[in-house]
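Asker: Sequence and predicted structure below; questions after.
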Amino acid sequence: MSHGKQFTFYTCKRGPNGWKVALVLEELGLTYESIYLDLDKGEHKAPEHTKHNPNGRIPTIIDHKNNDYTLWESDAILLYLAELYDPEHKISVVDANEKFQQLQWLFFQASGQGPYFGQAAHFMRYHSEQLPSAQERYNNEVKRVFGVLESVLSKREWLVGGKMTIADLSFIPWITRTHNTFLATEFPATAAWNSKIRERASVKKIQETLAAVNAA
């Protein structure tokens, strides 16, 4: 593979975690070649990918300007990109205490938002039978996570450091149009935060790319 761009980026067309990494790559002006793995065909589990990512999931990056350094797990990738390629701290923090708060939010996104939002979507849209108890459980968890965000964002504009960081960006691709139906009324500060981030040029570009690759 020719490495005209800095990163090879293994992702998929729909998964929020891949688009989360794409957002940060765009924010930092980094060049990358996206390889969209077909999850239905199991391409993420194929040897061509698992040789880079033994977990067989997306996303995975290879940094060709750092000796083909390979990394997987989306929030670990965000931290790597911020640490190495955000010297001006445009979307990351400097203060040691704030770094731990940034890490706190990334852990919460990975352990709280991602799994619960994913399970809610699964039981609402993809499960082979309707299970109201499972739908109720995970929809309640979705609202619990939004409640945590609301409790903080109702008091300040951003999650950490008084500015938008990778912590804020990590949540955005998981927030769907379905969530927007109740965000404005139940979680107005979170709705405003989400809308503000979605007005950024990088987010609009990623939304256009998302629409284009899924229309192909």
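Answerer: Yep, that arrived. Numbers count the residues shown, from 1 in each chain.

Asker: From now on I want contacts and neighbour counts done on CA atoms only, so please keep to that.
Answerer: OK.

Asker: among the helices and strands of the protein, which one scores worst on average pLDDT?
Answerer: Of all the helices and strands that make up the chain, helix 114-121 has the lowest average by mean pLDDT, DSSP states H and E, namely a mean of 73.

Asker: Which is the succeeding secondary structure element to it?
Answerer: Following helix 114-121 in sequence order, the next helix or strand is helix 132-153 (DSSP states H and E).

Asker: Residue 169 and residue 21 touch, don't they?
Answerer: No. Assessed by Cα atoms under 8 Å, residue 169 is found out of contact with residue 21, at 9.1 Å.

Asker: Flag the shaky bits of this protein, pLDDT-wise.
Answerer: Confidence mapping of the chain against pLDDT under 70 gives the ranges 1-2, 119-128, 133-134, 136, 138.

Asker: looking at it, which residue lies furthest from center?
Answerer: Distance to the chain centre peaks in the chain at residue 129, reaching 28.4 Å (criterion: Cα atoms, centre = their mean).

Asker: List the residues that contact it.
Answerer: Residue 129 makes contact with no residue under the criterion Cα atoms under 8 Å, 6 or more residues apart in numbering.

Asker: and the gap between it and residue 209?
Answerer: Using Cα to Cα, to the nearest Å, one obtains 33 Å as the distance from residue 129 to residue 209.

Asker: just residue 196 next, same as before
Answerer: 19 Å.

Asker: Comparing the two, which shows the higher neighbour count?
Answerer: When neighbours are counted by other Cα atoms under 10 Å, residue 209 comes out ahead of the other of residue 196 and residue 209, with 14 against 10.

Asker: Just want to check the distance between that one and residue 187.
Answerer: Using Cα to Cα, residue 209 is found at 28 Å from residue 187.

Asker: ditto for residue 28
Answerer: To residue 187, residue 28 is 30 Å away according to Cα to Cα.

Asker: Counting neighbours, go ahead and name the busier of these two.
Answerer: Neighbour totals were compared for residue 28 and residue 187, and residue 187 leads with 20 against 17 (other Cα under 10 Å).
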